[in-house]
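**Q** next comes the sequence, and after it the predicted model I'd like to discuss.
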Amino acid sequence: MYLSGKSLARIQAETGVPHETARLILHRKGIRFRHVHAILHPVVRMLNFEAALLLGLHAGDGHLSDSWGISVGGEDREMLKAVVTLVESILGVEPYIDVRSDNYFIVRSAKDQVRQFFRDYGFPRGKKAGIVRVPEAVMESENPRIWTGFLRGAFSSDGSFWYKRRWGQCRFEVSSPWFRDGFVELAHRLGFEFRSYNYMHNGGDNKLPLHLAYLGTRDEVRRWMESVGSISDTHLRRYSEWKTGIWAE
């Protein structure tokens, strides 16, 4: 349909397939798009839940240089759609989806307004893993919805959900102590007491010390996943398995 000249909007109208899904299918098939990715509207300047969610995602898995991008795991298809929707609604641009052969996606844009959005919140250009921190605007906010949005984005990117039988655990593991400590502080404001420790990572190319926070009390893990949660398909699938296993016992 696209090769015959129909737009993504027309394909959605005729088939009911959302245009984000159609775009992803076309990218996976290697179809070259007919147009330059559009600017839809100016960026949203107000810090709201959705903007905080996007900032949390960027703090974890985003990068900023001559262009902006955020990495999403290949198994997290619903998360990919959610990120695209956030980019369109908050950043006001139609992003490009780069499908990598090693099973992950990059949602990216080189538009000036996108790069300026993240610079305005204090994110550095270039490598940030060891120095990134929670933006001041988020830390200074008195709105619990802002804290929750950022925490959900950060946990979706740099968090994990682990379980063994009845024991479940939410883990947050990063290279920046300031990011970890800011995450713990925001969680504390919502009534969650993450425990923290540091350790040296010996595998791979990453030689930075790692800074970890975890939540392991069953009721608190459940409350976190139900009230803060994650947009990662992998996290949500594992949480559902754990929760179903507990109820089945």
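**A** Everything's here; your move. Numbering: from 1, shown residues only.

**Q** surely residue 99 is within a strand?
**A** Yes - the assignment for residue 99 (DSSP: H, G, I helix; E, B strand; the rest coil) places it in a strand.

**Q** dump stretch 47-66 to CSV, restricted to CA.
**A** The C-alpha trace of stretch 47-66 is given here as CSV (Å, rounded to 0.1, in the frame of the first residue of the first chain):
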residue,chain,number,x,y,z
LEU,A,47,7.2,19.7,32.6
ASN,A,48,4.4,17.2,32.9
PHE,A,49,4.2,13.5,33.5
GLU,A,50,4.9,12.6,29.8
ALA,A,51,7.8,15.0,29.6
ALA,A,52,9.3,13.6,32.8
LEU,A,53,8.8,10.0,31.5
LEU,A,54,10.8,11.0,28.4
LEU,A,55,13.5,12.6,30.5
GLY,A,56,13.8,9.4,32.6
LEU,A,57,14.1,7.3,29.4
HIS,A,58,16.8,9.6,28.0
ALA,A,59,18.7,9.6,31.3
GLY,A,60,18.9,5.9,31.1
ASP,A,61,19.3,4.9,27.4
GLY,A,62,19.4,8.2,25.5
HIS,A,63,22.3,9.9,23.7
LEU,A,64,22.9,13.4,22.5
SER,A,65,25.4,14.6,19.9
ASP,A,66,24.8,16.0,16.4
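
**Q** what residues sit buried inside that stretch?
**A** The neighbour-count check on stretch 47-66 (16 or more other Cβ atoms under 10 Å) flags 47, 49-64 as buried. C-beta here means a position set from N, CA and C on the backbone, and glycine is covered the same way.

**Q** and these, which of them are in strands?
**A** The strands, defined by DSSP state E, take in 62, 63, 64 from the buried residues of stretch 47-66.

**Q** can those go into TSV with extra columns for pLDDT and distance to residue 80?
**A** Putting those into TSV (pLDDT from 0 to 100; distance: Cβ to Cβ, whole Å) gives the following:
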residue	pLDDT	distance to residue 80
62	95	14
63	95	16
64	95	20
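
**Q** reformat those residues as a markdown table; add distance to residue 156.
**A** What follows is these, written out as a markdown table (distance: Cβ to Cβ, whole Å):
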| residue | distance to residue 156 |
| --- | --- |
| 62 | 12 |
| 63 | 16 |
| 64 | 18 |
